[in-house]
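# prediction below, plus the sequence it came from.
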Amino acid sequence: MSTDELLTKKRDLRQESLHLRLQQQSGQLEQPSRLRLLRREVARIETVLSKRTKETK
């Protein structure tokens, strides 16, 4: 994936995470494990982006 695609995916995942956290606070969250998966996916993307920036220096 290109850097732009990763940044877009990261933004989308964070937005979904926000919606899920709001559902959790209101007691309507059906899949609490989804929050954990989203956090991990964002971390993976951030790791790839970090490695790419270190390689270019």
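Nice, thanks for sending it over.
# helices along this structure, start to end?
If DSSP state H is used as the criterion, the helices of the chain fall at 3-26, 33-56.
# and these as a markdown table, adding mean neighbour count?
For the C-beta atoms, the positions are set from N, CA and C on the backbone; glycine is no exception. Rendered in a markdown table, the data for the helices of the chain read as follows (neighbours: other C-beta atoms under 10 Å):
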| stretch | mean neighbour count |
| --- | --- |
| helix 3-26 | 13 |
| helix 33-56 | 12 |
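# how about the residue sitting nearest the centre point of the chain, nearest residue that isn't a chain neighbour?
Centroid-nearest residue in the chain, with C-alpha atoms, centre = their mean: residue 42, separated by 3.0 Å. For residue 42, ignoring the flanking residues on the chain, the nearest one in space by C-beta to C-beta, 6 or more residues apart in numbering is residue 13 at 5.2 Å.
# now do the contacts for the one you found.
Residues counted as contacts of residue 13 (C-beta atoms under 8 Å, 6 or more residues apart in numbering) are 38, 41, 42, 45.
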